[in-house]
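K.L.:
Structure of the sequence below:
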Amino acid sequence: MSLDDVLSRIDADLPAATDRLLELLRIPSISTDPAYKADCDRAADWLVADLNSLGIATEKRQTPGHPMVVGHLDGEGPHLLFYGHYDVQPVDPLELWDRDPFDPEVQDTPKGKVIRARGAADDKGQLMTFIEACRAWKEINGSLPCKLTFFLEGEEESGSPSLVPFMKENVDELKSDIALICDTGLFESRVPAITTMLRGLLGEELTITGPSRDLHSGMYGGVSMNPIRVLSRIIASLHDESGRITVPGFYDGVPELPDEMRQQWQGLAFDHQSFLGDVGLSEPAGEQDRTPLEMIWARPTCEVNGIWGGYTGAGFKTVLPSEAHAKISFRLVGTQDPLKIRESFRKMVQDMLPPDCSVEFKAHGASQAGAFDTSDPVFEQARQALSDEWPDEAALIGCGGSIPIAGHFDRILGTTPMLIGFGKDDDQIHSPNEKYDMESFHKGIRSWARVLAALTKTN
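P.N.:
As a prediction, this is how the structure comes out:
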């Protein structure tokens with residue numbers, strides 16, 4: 001049978017595929033709230049039953065938290081692993097939803113049909129695009145074209161506390177040639193994309209203490225060191241006038257963007273003025289010798305996420321505060337070492353402290369960036385497969401955020417991750433009235449069928 005037959009089956013089966021997704025969306029699998037533990041179990045059981053119905057030997061595997069769903073199918077050719085997560089975010093504030101978040105509905109909107117429910121885009125709709133592609137392939141051909149492993153998590157929205165231990169305990173079982181991850185989106189809601197760069201993340205909280213208690217600014221102002229003044233000077237020194245970060249050794253391990261990728265990104269015609277204009281801004285504020293897309297995807301950052309100290313209530317209080325606080329995050333790229341940067345940042349702060357001031361630090365996580373070798377022919381095969389399905393040619397892109405699971409596949413399992421997703425910028429993930437476009441669901445299923453054909457060289 002040909003790929004065209006599989007695609008025709010997907011088209012014909014779309015109503016039934018939609019009904020299956022709606023059934024899964026009705027399960028309130030909120031992982032962070034213990035009150036929904038039974039519902040998370042129920043969602044795992046639903047997926048186990050669905051995958052078993054396709055002849056994929058699947059079971060629910062217990063963890064200290066919510067269970068993993070692991071399925072295996074033997075076959076010829078490459079060994080592909082598919083990762084997704086069945087848990088969802090809480091729905092608060094509930095009053096901002098237009099309908100029950102767990103009563104999913106296909107709605108007509110000015111931009112087309114959408115599936116409205118919590119988890120529609122993140123990640124149940126995305127997860128089901130791959131399963132539905134496998135279903136159509138099996139129904140047409142009687143079997144799937146390669147060896148497959150399914151690895152579905154129930155704690156992604158609550159920090160994945162069980163994920164790394166489970167992966168380390170089951171390395172041999174989970175090893176594969178490629179790990180397919182469907183938790184990303186289309187570039188500017190229209191261009192199909194494979195995410196090949198993910199920034200790492202380092203978080204630091206610092207408290208600078210000066211006097212032993214809050215002081216009257218009339219009696220002590222001028223003669224006493226104000227910790228907010230100290231903190232302000234430190235924060236102001238973190239960037240130079242061109243936007244470069246001044247932490248010593250910060251740029252160690254930051255690579256230059258390959259010319260081929262730079263040209264491809266330029267071809268995307270990213271409208272940074274519109275991107276910034278949507279949030280009331282106009283000028284890129286990062287390193288001034290870099291393009292806006294490079295700033296977002298391929299360059300490291302240092303940002304102040306919060307700063308406080310002294311009196312911040314109503315009215316006015318002439319206080320000289322005892323403490324000043326800030327939370328600072330660094331997005332990392334290439335082979336930047338978060339632990340070395342933490343050490344260098346802390347030394348920089350300590351060296352800037354005047355007499356009578358001390359500092360305490362609190363760490364808030366440290367993860368390396370992920371950059372995947374796109375010279376492997378599988379990336380071009382998958383990119384061409386996506387281009388064949390969508391009006392716009394697919395691109396290899398970066399991601400300004402951090403998706404730790406991709407790095408775990410790379411570092412723990414030695415498996416190349418490939419991130420392909422069909423979400424759109426207005427899907428309102430984590431927010432009230434989350435939705436997933438019917439186009440994303442339908443063409444997502446078709447896209448995965450094409451990718452399966454390309455990676456297994458099946459016509």
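
K.L.:
can I assume residue 58 sits in a strand?
P.N.:
Yes. Membership of residue 58 in a strand is supported by DSSP: H, G, I helix; E, B strand; the rest coil.

K.L.:
residues near it, how many?
P.N.:
Residues within reach of residue 58, counting by other Cβ atoms under 10 Å, total 22. No exception for glycine: its C-beta is placed from N, CA and C like everyone else's.

K.L.:
who touches it in this structure?
P.N.:
By Cβ atoms under 8 Å, 6 or more residues apart in numbering, the contact set of residue 58 is 47-48, 51-52, 69-72, 150.

K.L.:
Which one of these is nearest to residue 180?
P.N.:
Taking Cβ to Cβ as the measure, residue 150 is the one of these closest to residue 180, at 10.1 Å.

K.L.:
element containing that closest one?
P.N.:
strand 147-153 (DSSP states H and E).

K.L.:
related to what we said a few turns ago, give the PyMOL command for selecting the buried subset of the contacts of residue 58.
P.N.:
Of the contacts of residue 58, the buried ones go into a single PyMOL selection, burial set by 16 or more other Cβ atoms under 10 Å:
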select buried, resi 47+48+51+69+70+71+72+150
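
K.L.:
domain ranges for the protein?
P.N.:
Residue ranges for the domains of the chain, per automatic domain parsing: 3-198+369-455, 200-254+300-366.

K.L.:
neighbouring contacts of the strand holding residue 150?
P.N.:
Contact partners of strand 147-153, identified using Cβ under 8 Å, 6+ apart, comprise 44, 47, 51, 56, 58, 68-87, 127, 134, 160, 163, 173-174, 176, 405.

K.L.:
Narrow the residues you listed to those in helices?
P.N.:
Counted as lying in helices by DSSP state H, out of those, are 44, 47, 51, 127, 134, 163, 173-174, 405.

K.L.:
Buried among those? Need that as a selection in ChimeraX.
P.N.:
In ChimeraX syntax, the buried subset of these is picked out as below (16+ other Cβ under 10 Å):
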select :44,47,51,127,134,163,174,405
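
K.L.:
Among the ones in helices among the contacts of strand 147-153, which one lies nearest to residue 445?
P.N.:
Distance to residue 445 across the ones in helices among the contacts of strand 147-153 (Cβ to Cβ) is lowest for residue 134, with 9.6 Å.

K.L.:
I'd assumed residue 145 was in contact with the closest one.
P.N.:
No. Counting by Cβ atoms under 8 Å, residue 134 does not reach residue 145; the two are 9.9 Å apart.

K.L.:
Common neighbours of these two, please.
P.N.:
With Cβ under 8 Å, 6+ apart, residue 134 and residue 145 have common neighbours residue 452.

K.L.:
quick revisit: between the contacts of residue 58, which is closest to residue 96?
P.N.:
The closest of the contacts of residue 58, once distances to residue 96 are taken by Cβ to Cβ, is residue 47, at 29.0 Å.

K.L.:
Quick check: that closest one vs residue 405, distance?
P.N.:
Residue 47 sits at a distance of 17 Å from residue 405 (criterion: Cβ to Cβ, to the nearest Å).

K.L.:
which regions of the protein lie under the pLDDT threshold?
P.N.:
1, 459 (pLDDT under 70).

K.L.:
now stretch 124-131, how far from the chain's geometric center?
P.N.:
With Cα atoms, centre = their mean, to the nearest Å as the basis, stretch 124-131 stands 16 Å off its chain's centre.

K.L.:
Run a quick neighbour tally on residue 351.
P.N.:
Residue 351: 9 surrounding residues under other Cβ under 10 Å.

K.L.:
contacting residues for it?
P.N.:
The contact partners of residue 351, by Cβ under 8 Å, 6+ apart, come to none.

K.L.:
Against residue 357, how distant is it?
P.N.:
Applying Cβ to Cβ, the value for residue 351 to residue 357 is 12 Å.

K.L.:
and if you look at residue 431?
P.N.:
Distance of residue 431 to residue 357, computed by Cβ to Cβ: 41 Å.

K.L.:
Those two: who's more crowded?
P.N.:
In this view residue 431 and residue 357 are compared by other Cβ under 10 Å, and residue 357 has more residues nearby, 19 against 13.

K.L.:
nearest spatial neighbour of the residue most central in space within the chain, skipping sequence neighbours?
P.N.:
The structure's the chain has its C-alpha centroid closest to residue 403; by Cα atoms, centre = their mean the separation is 4.0 Å. Leaving aside its chain neighbours, residue 403 sits nearest to residue 198 (5.2 Å; criterion: Cβ to Cβ, 6 or more residues apart in numbering).

K.L.:
Looking at strand pairing, list the partners for the one you found.
P.N.:
residue 370, residue 399 (DSSP bridges).

K.L.:
residues in contact with it?
P.N.:
Neighbouring residues of residue 198 by Cβ under 8 Å, 6+ apart: 369-371, 398-399, 401-403, 406-407, 419.

K.L.:
how much space between it and residue 367?
P.N.:
9 Å.

K.L.:
what touches both of the two?
P.N.:
Shared contacts of residue 198 and residue 367 (Cβ under 8 Å, 6+ apart): 402, 407.

K.L.:
and the helix or strand hosting residue 327, what does it pack onto?
P.N.:
Element membership of residue 327 [criterion: DSSP H and E] is strand 323-332. Contacts defined by 3 or more Cβ pairs under 8 Å, 6 or more residues apart in numbering; DSSP states H and E place strand 323-332 against strand 200-209, helix 227-236, strand 301-309, helix 338-351, strand 358-367.
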